[in-house]
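Quick one, what's the 3D model for this:
(one chain, ligands or ions: 1)
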Amino acid sequence: MPASTAAYAVESPVARTRRARKIYRALVDRYPYAHAELDFETPLQLLLATVLSAQTTDVMVNKVTPTLFARWPTAEALASADRTEMEEVLKPTGFFRAKTNSVITLSQALVERYGGEVPGRLKDLVTLPGVGRKTANVVLGNAFGVPGITVDTHFGRLARRFGWTEETDPVKVEHEIGAMFPRKDWVMLSHVLIFHGRRTCHARKPACGACPVARWCPSYGEGETDPVKAAKLLKYELAPGAEWPDPPPGPLPGEVREPRSSSETSA
Ligand code: SF4
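This next block holds a predicted model:
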């Protein structure tokens, strides 16, 4: 039986919530700058960027969306875009034919049903083609300021490793974890868990020895526990400088970071 399952079985809900909040605070300390890693300026841009992020990295999506939104700046323009031309733009993100289809179909639905605007309610968002609860919560939390928990693959994996839940269904995970935290923390909670999953608590090789929440994690030891070896497993997905606070925190033991470029440091 995994240690997280054993912990879940014996821990009272009150103790679990208390421990969960300690983990949350430690993750906020580690990633105070955690944010949606997709670049966007409008709800429409975030909605489409989130759809495009399937099966690729946010970094890759951020490379293509400036061209996409400059060429077709509105839902109306996207809805009537030349398919071949858009496929060329989306090619680097993979599955570009299906993604072109998703962008055009979704934009057409926005034009036909919402006058080209992205609706700000969960119940409306999830009726749009290709928009599930996860995407809707990303858009609501980050573009509309509506509290929501984004249960993606990282969030679900970490919530189970932390022994916060035994559920695997994203909606059940969302409700169980949501009950443990005040609504005002939901968006940041989503950001820091996703940041931690991408950088430290990886699916296959969690860097337990470099983990700021190891003392509260029943799954400590699932990954590398030697601090120096663990630090080498840390991954930073965004370009160096793009995700650090200013000034950046000192590197962890053994962590190698590339220097920031002059354009980043002179801003
Ligand atoms: S890296 Fe290890 S100690 Fe940290 S949260 Fe993941 S499993 Fe737990």
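
For the chain, what lies in contact range of the ligand?
161, 200-201, 206-208, 211, 213-214, 217, 219-220, 222-223 (CB under 6 Å from any ligand atom). Any C-beta I mention is one placed from the backbone N, CA and C, and that applies to glycine too.

can we see that at 8 Å?
Applying CB under 8 Å from any ligand atom, one finds that the chain approaches the ligand through 23, 158, 161-162, 196, 200-202, 206-208, 210-214, 217-223, 230.

From those, list the buried ones, please.
Buried by 16 or more other CB atoms under 10 Å: 23, 158, 161-162, 196, 200-202, 206-208, 210-214, 217-220, 222-223, 230, out of the residues of the chain next to the ligand.

In helices, which of the residues of the chain next to the ligand appear?
Counting by DSSP state H, those place 23, 158, 161, 196, 230 in helices.

Which positions within whichever helix or strand residue 175 is part of qualify as buried?
Under the criterion DSSP states H and E, the helix or strand holding residue 175 is helix 170-178. Neighbour-count burial for helix 170-178 flags 170, 173-174, 176-178 (criterion: 16+ other CB under 10 Å).

ok, so of those residues, who is nearest the ligand?
Lowest distance from the ligand to those (CB to the nearest ligand atom) belongs to residue 177, with 14.8 Å.

wait, the closest one sits on residue 165?
Yes - the criterion here is CB atoms under 8 Å, and residue 177 meets it with residue 165 at 6.3 Å.

Give me the common contacts of the two.
Residues touching both residue 177 and residue 165 by CB atoms under 8 Å, 6 or more residues apart in numbering: residue 159.

All set now, cheers.
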